[in-house]
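Student: Provide a 3D model corresponding to the input given below.
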Amino acid sequence: MKIRFGYVATALDLWDASPSKTLTFTRYSKLPKNERMDTLKWVTAQNLTHTKRILYYNIAHEIELYRFSSGLVPLATHPEVMWDFITPFKKEWKELGQLIQKFQIRPSFHPNQFTLFTSPRDEVTDNAVKDMEYHYKMLQAMNGLEKGVINIHIGGAYGDKETSLIRFHGNLKKLPDTIKKHMTLENDDKTYNVEETLLVCEQENVPMVLDYHHFMANKGEIALEDFLPRIFDTWNHPKNVPKVHISSPKSEKEYRSHSDFVSLEFVLPFLKIAKELNQDFDIMIEAKQKNLAMQRLVEEVASIRGVKRITSAAVEW
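Tutor: Residues are numbered from 1 along each chain as shown. The predicted structure is shown next:
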């Protein structure tokens with residue numbers, strides 16, 4: 001069983017390399033009209049340059065799993081801006097894509113919690129479609145569609161889970177199939193648990209990303225070993241390596257918050273369950289210390305008897 005590890009957005013030991021520098025609409029609106037687009041392009045150019053630096057960092061450290069920042073392009077989906085962020089940066093997007101392809105980096109995005117398909121308000125669903133289109137365009141521009149995914153949550157329950165789930169299936173029809181093909185769904189820490197999310201994924205033929213921390217915060221009477229084979233099986237359509245999100249609680253009081261690093265003691269029960277399936281999968285680290293937390297966890301997992309470290313960011317068990 002091979003496990004690859006990755007992290008989210010920023011390599012913390014690179015100096016001034018945030019790929020999420022922003023330009024708020026308020027600041028944008030206060031700029032002279034002839035400076036607005038230049039400023040947007042300048043901030044985006046910085047984010048793309050920093051992303052390229054991060055990819056080179058990943059290559060040097062043999063990290064084949066990376067979640068790109070959703071904030072790469074400021075105001076990309078704002079209704080009063082909605083600008084063409086592909087054409088002016090064709091060269092930059094192509095360079096990122098060349099790195100992804102040459103070094104077999106698996107790209108992903110995770111839109112924010114407002115990208116949901118359970119709302120009774122049409123404008124919320126329409127905005128969710130726009131946000132998914134934005135992320136799809138970035139994957140497409142980087143030639144990352146073959147392995148790239150866009151991960152979201154089911155959304156809110158609005159006081160009635162059954163009705164909200166029916167609405168989810170209806171609203172999801174607004175999402176073009178070309179984009180849905182790259183969508184994944186993740187279980188929640190409060191609302192839709194592993195079983196509920198899995199049923200939706202099976203019905204919609206969408207891969208499921210297991211978030212183990214969320215499972216522990218919202219598991220009810222569910223035994224994970226009863227569901228993990230089915231969760232991994234959702235990745236057969238399309239055929240791809242299953243992906244799991246890993247983090248650990250900040251404290252007992254702040255159980256749902258992510259800690260700086262990942263506790264091996266917390267995640268070891270999951271790893272042992274997964275080992276019984278003997279199937280390759282990828283782990284995305286969602287700890288506050290990002291790549292540093294990933295590197296520490298890889299070292300700790302590699303110290304387990306029977307585990308062999310095969311690269312800087314992958315093990316065999």
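Student: so how far is stretch 63-74 from its chain's centroid?
Tutor: 8 Å (CA atoms, centre = their mean, to the nearest Å).
Student: how about stretch 278-287?
Tutor: What separates the centre of stretch 278-287 from the centre of its chain is 12 Å, taken as CA atoms, centre = their mean.
Student: got the end-to-end distance for it?
Tutor: Terminal residues of stretch 278-287 lie 26 Å apart, using CA to CA, to the nearest Å.
Student: contacts for that stretch, please.
Tutor: 1-8, 65, 67, 106, 108, 211, 213, 232, 241-248, 258-262, 274, 293-294, 297 (CB atoms under 8 Å, 6 or more residues apart in numbering). In short, each C-beta sits where N, CA and C put it, glycine included.
Student: just the buried ones out of these, please.
Tutor: Listed as buried from those are 3-8, 65, 67, 106, 108, 211, 213, 232, 241-248, 258-259, 261-262, 274, 293-294, 297; burial here means 16 or more other CB atoms under 10 Å.
Student: tell me which of those fall in strands.
Tutor: Residues of those located in strands (DSSP state E): 3-8, 65, 67, 106, 108, 211, 243-246.
Student: and of the residues you listed, the nearest to residue 137?
Tutor: Residue 137 has its nearest neighbour among those in residue 108, at 15.0 Å by CB to CB.
Student: surely the closest one meets residue 142?
Tutor: No - with contact defined as CB atoms under 8 Å, residue 108 does not count as touching residue 142 (11.6 Å).
Student: name the residues contacting each of the two.
Tutor: Common neighbours of residue 108 and residue 142 (CB under 8 Å, 6+ apart) are residue 148.
Student: all strands for the stretch 51-200 of the chain, in order.
Tutor: 65-67, 106-109, 149-153, 183-186 (DSSP state E, counting those that start in this stretch).
Student: I would like the residues contacting the first one, please.
Tutor: Taking contacts as CB under 8 Å, 6+ apart, the residues outside strand 65-67 that touch it are 4-9, 54-55, 58, 105-110, 282-284, 313.
Student: avg pLDDT for that strand?
Tutor: Across strand 65-67, pLDDT averages out at 98.
Student: swap in the last one?
Tutor: Taken as a whole, strand 183-186 carries a mean pLDDT of 98.
Student: can you name every helix or strand that that strand contacts?
Tutor: strand 149-153, helix 194-204, strand 208-211 (3 or more CB pairs under 8 Å, 6 or more residues apart in numbering; DSSP states H and E).
Student: what pairs with it, and is each one parallel or antiparallel?
Tutor: strand 149-153 (parallel), strand 208-211 (parallel) (DSSP bridges).
Student: spit out the contact partners of residue 78.
Tutor: residue 25.
Student: how does it look with 10 Å?
Tutor: Contact analysis of residue 78 by CB atoms under 10 Å, 6 or more residues apart in numbering lists 24-25, 28, 130.
Student: reformat these as a markdown table; add distance to residue 219.
Tutor: Listed next are the contacts of residue 78 as a markdown table, based on distance: CB to CB, whole Å:
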| residue | distance to residue 219 |
| --- | --- |
| 24 | 38 |
| 25 | 40 |
| 28 | 43 |
| 130 | 34 |
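Student: PyMOL command for the buried members of those?
Tutor: Buried members of those, defined by 16+ other CB under 10 Å, are picked up in PyMOL with:
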select buried, resi 28
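Student: which of the contacts of residue 78 fall within helices?
Tutor: 25, 28, 130 (DSSP state H).
Student: what is the nearest of those to residue 192?
Tutor: residue 130 (22.9 Å).
Student: isn't that closest one up against residue 81?
Tutor: No - Residue 130 is beyond contact range of residue 81, at 11.8 Å (criterion: CB atoms under 10 Å).
Student: could you list the low-pLDDT ranges of the stretch 151-300 of the chain?
Tutor: Applying pLDDT under 70 to the stretch 151-300 of the chain picks out residues 237-239.
Student: residue 56 and residue 168: what is the separation?
Tutor: 39 Å (CB to CB, to the nearest Å).
Student: for the two, indicate the residue with more neighbours.
Tutor: residue 168 (22 against 14; other CB atoms under 10 Å).
Student: that one: what's it in contact with?
Tutor: Taking CB under 10 Å, 6+ apart as the test, what residue 168 contacts is 116-119, 125, 154-156, 185, 192, 200, 203-204.
Student: looking at those residues, which one is closest to residue 218?
Tutor: residue 192 (8.3 Å).
Student: for the residue nearest to the closest one when sequence neighbours are not counted, grab the count of nearby residues.
Tutor: Nearest non-adjacent residue to residue 192, counting by CB to CB, 6 or more residues apart in numbering: residue 154, 4.6 Å away. Here the number of neighbours of residue 154 (other CB under 10 Å) works out to 23.
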